[in-house]
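# Give me a 3D structure for the following:
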Amino acid sequence: MSYERRFDITFGLCDAAGIVFYPRYFEMTNLMVEQFFAEVLDYPYSRIHLEEGNAVPTVHIEADFRAPSRLGETVTWTLDLTRIGTSSADFALQLTKDGDTRLAVRLTLVWVGRDGRPEAWPARLRERMAAHCLKGQDQ
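Predicted structure coming up:
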């Protein structure tokens, strides 16, 4: 089940040519994942990081930049959870404008405990993730 959000391209995201400065895409990608955790999984980053002392760092990311996004445009981000492992999860994100793909991103997050080492996803969170995963869970 895809998670989708519309997003306005503002001045602060753009370079002097009026197109999105590529590092800003990574900030938007992280924002999409963070919003997915909060809005869909009901497990916000504030709980993970501040209340529980855990973390979910991105350990791998791939991006295919296909076309620029410009100041003043409204684009659509789509996020899919594609795999859940014991302590990691894979996501696919796509940025589109009027059906045309501008950016495709694949990333992996890892659940990291207070000691800084990977741990299994908490059972309740894993359950919620499984309900939204396209391909299912690793055993």
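
# who are the neighbours in contact with the residue nearest in space to the middle of the chain?
Geometric centre of the chain, nearest residue: residue 33, 2.9 Å, by CA atoms, centre = their mean. Contact analysis of residue 33 by CB atoms under 8 Å, 6 or more residues apart in numbering lists 58, 79, 91, 93, 107, 109. C-betas here are computed from N, CA, C, even on glycine.

# could I get these as TSV with neighbour count?
As requested, the contacts of residue 33 are exported to TSV (neighbours: other CB atoms under 10 Å):
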residue	neighbour count
58	14
79	22
91	21
93	23
107	20
109	21
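
# quick one: average confidence on the lengthiest helix in the chain?
Assignment by DSSP state H gives helix 22-35 as the longest helix of the chain. When pLDDT is averaged over helix 22-35, the result is 97.

# repeat for stretch 99-107
97.

# what's the distance between it and the middle of its chain?
Mean C-alpha position of stretch 99-107 versus that of the full chain (CA atoms, centre = their mean, to the nearest Å) differs by 12 Å.

# List the buried residues for it?
102, 103, 105, 107 (16 or more other CB atoms under 10 Å).

# So what's the residue count around the closest residue to residue 20 other than its chain neighbours?
Nearest in space to residue 20, with sequence neighbours left out and distances taken as CB to CB, 6 or more residues apart in numbering, is residue 69 at 4.5 Å. If you count neighbours by other CB atoms under 10 Å, residue 69 ends up with 24.

# Residue 69 reaches residue 100, doesn't it?
No - Residue 69 is beyond contact range of residue 100, at 10.4 Å (criterion: CB atoms under 8 Å).

# hmm, who's touching stretch 104-119?
Here stretch 104-119 has contacts from 25, 29, 33, 52-64, 66, 87-95, 120-122, using CB under 8 Å, 6+ apart.

# let's see it at 7 Å
Stretch 104-119 has contacts (CB atoms under 7 Å, 6 or more residues apart in numbering) with 29, 53-64, 66, 87-94, 121.

# Just the ones of these in helices?
Secondary structure from DSSP H places residue 29 of the contacts of stretch 104-119 in helices.
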